[in-house]
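Enquirer: Curious how this folds, go ahead:
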Amino acid sequence: MKILMAYPSQNESNPFVKSLTESLISVGCPIEIGLNLFWNHYEDYHLIHFNWPNSIFNNWQPTEKGVELLKKILTDAKSKNIKIVYTRHNEKPHYEDNPLISLCYELIENHANAIVHLGHYKVEELKLQFPNAEHFVIPHHLSFKIQKEISKQEARKNLGIPDNKLVILCFGAFRNRKEAKLVLDSFEALEIKDKYLMVPHLAKWFGLKTSAFLLSPAWFRNKKLKSALHKENKMVYDKAISDSLLPCFFYASDLVLIQRTNILNSGNLPLAFHFRKMVIGPNTGNVGEILKKTNNLTFDIKNIPNSLIQKIKDSTCLDIKAIGQSNYEYAKRHWNPDTIALEYQKIYVSLVS
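Expert: Below is the predicted model:
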């Protein structure tokens, strides 16, 4: 049995695929990863595993020629009885208006022999939508390895954050200005003393580099909002965050906010659980289901920012440290990378044998 993970082997921006591949190798699964192997040697494999469909193209942007080649390869793979596995990370491309990306999703979904869901959200509907595929639920694994634990005080010292603050971390990338405005407006409206916001990936939305055009002119000219970024109660980090620095952001925080209003899954949820942090996120997708199941907080995406503001207030009345510890125990019990790798291997074996 030869398995191919169709994904750029050097991609470091999202650790999901690389860490899953490493775990599969560690449990003895004969798997390789790479795009050249897919485009030029796909017929050498018994099974091909896809994640984000557009990740098989340069800069994740398919061309018409590339999509045609993908269609040809998938058709040929099916004729050669090469199996296709697809892990469904999102319902549709995030905020992309490129119709070729949507077509890539359709091609891989319709050719898949097995679709892996990261949670139970809408699985029964998708079984009806894609009846020719087997459907499996395997949760997001713990994809970040903690090398050394540090105290909250040490982490805050490293980042220059005062000890006496309620620190809210919004670690995920901001997909659009609506998400950026939601977080900033909600934080400004919070009637909480000694509040502090860490938004390490927000810089580009405020023109700190060359992206000022991404904001609506009216919002960008709002001096009150613009100057709010430079207050002492916020950190806007405009540099790449290394794996060695990443733990500081989580260890320094009191709770983690997932700011998405249109989401199926989030790698920041298992990351926050791994670092023993309470999470506030949207009441939608697998994210909402997991947060409700584990006694974290969800905000109503139909009532923002009011619902988000209230949930942050509610968190101050809870034992967030105890919830964070419970989250850690849940993550270790349900999201162990080797255990999840074995679940994927079972799917591979069942399809190929």
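
Enquirer: Tell me how many other residues surround the nearest residue to Asn164 once chain neighbours are set aside.
Expert: Counting by CB to CB, 6 or more residues apart in numbering, Asn164 lies nearest to Asp194, which is 5.6 Å off, once chain neighbours are set aside. Yep, even glycine has a C-beta here, placed from its N, CA and C like the rest. Residue crowding around Asp194 was assessed by other CB atoms under 10 Å; the count is 11.

Enquirer: Correct me if wrong: Asp194 contacts Leu166.
Expert: Yes: the pair Asp194 / Leu166 is scored as a contact, 6.0 Å apart, by CB atoms under 8 Å.

Enquirer: Strands of the stretch 201-350 of the chain, start to end?
Expert: Counting by DSSP state E, counting those that start in this stretch, the segments of the stretch 201-350 of the chain that form strands are 234-235, 255-257, 278-282, 297-299.

Enquirer: can you put these in CSV and add mean neighbour count?
Expert: As requested, these are arranged in CSV below (neighbours: other CB atoms under 10 Å):
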stretch, mean neighbour count
strand 234-235, 18
strand 255-257, 27
strand 278-282, 25
strand 297-299, 24
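
Enquirer: how about these in TSV, adding distance to Asn54?
Expert: Conversion of the strands of the stretch 201-350 of the chain to TSV gives the following (distance: least, CB to CB, whole Å):
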stretch	distance to Asn54
strand 234-235	32
strand 255-257	27
strand 278-282	24
strand 297-299	29
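
Enquirer: I'd like to know which of the ones you listed is closest to Ile84.
Expert: Closest approach to Ile84 among these is made by strand 278-282 (30.6 Å; CB to CB).

Enquirer: Sheet partners, orientation included, of the closest one?
Expert: For strand 278-282, the paired strands and their directions (DSSP bridges) read strand 255-257 (parallel), strand 297-299 (parallel).

Enquirer: Next, format those as CSV and append mean pLDDT and distance to Arg156.
Expert: Shown next, in CSV, are the strands paired with strand 278-282 (pLDDT from 0 to 100; distance: least, CB to CB, whole Å):
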stretch, mean pLDDT, distance to Arg156
strand 255-257, 97, 14
strand 297-299, 98, 23
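
Enquirer: Redo the ones you listed as a markdown table? Include distance to Leu142.
Expert: A markdown table is the format used below for those (distance: least, CB to CB, whole Å):
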| stretch | distance to Leu142 |
| --- | --- |
| strand 255-257 | 15 |
| strand 297-299 | 22 |
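
Enquirer: For Glu109, find the nearest of the ones you listed.
Expert: strand 297-299 (27.7 Å).

Enquirer: Contacts made by that closest one with the rest, please.
Expert: Residues outside strand 297-299 that contact it (CB atoms under 8 Å, 6 or more residues apart in numbering) are 278-283, 288, 291-292, 307-308, 310-311, 314-315.

Enquirer: Return the member of these nearest to Glu43.
Expert: Taking CB to CB as the measure, Glu43 sits nearest to Gly288 out of the contacts of strand 297-299, at 41.3 Å.

Enquirer: My read is that that closest one contacts Gly281, right?
Expert: Yes: contact criterion CB under 8 Å: Gly288 and Gly281 qualify, at 6.9 Å.

Enquirer: circling back to that earlier point, from the contacts of strand 297-299, which is closest to Gly324?
Expert: When these are compared against Gly324 (criterion: CB to CB), the nearest one is Met278, at 5.1 Å.

Enquirer: how about low-confidence regions in this protein?
Expert: 12, 94-96, 203-231, 238-239 (pLDDT under 70).

Enquirer: Out of the strands of the stretch 201-350 of the chain, the one nearest Lys178 is which?
Expert: strand 278-282 (12.8 Å).

Enquirer: can you pull the buried residues of stretch 275-292?
Expert: Taking 16 or more other CB atoms under 10 Å as the basis for neighbour counts, the residues of stretch 275-292 that come out buried are 275-288, 290-291.

Enquirer: What distance separates the opening and closing residues of it?
Expert: Stretch 275-292 has an end-to-end distance of 19 Å (CA to CA, to the nearest Å).

Enquirer: ditto for stretch 158-172
Expert: The first and final residues of stretch 158-172 sit 20 Å from each other (CA to CA).
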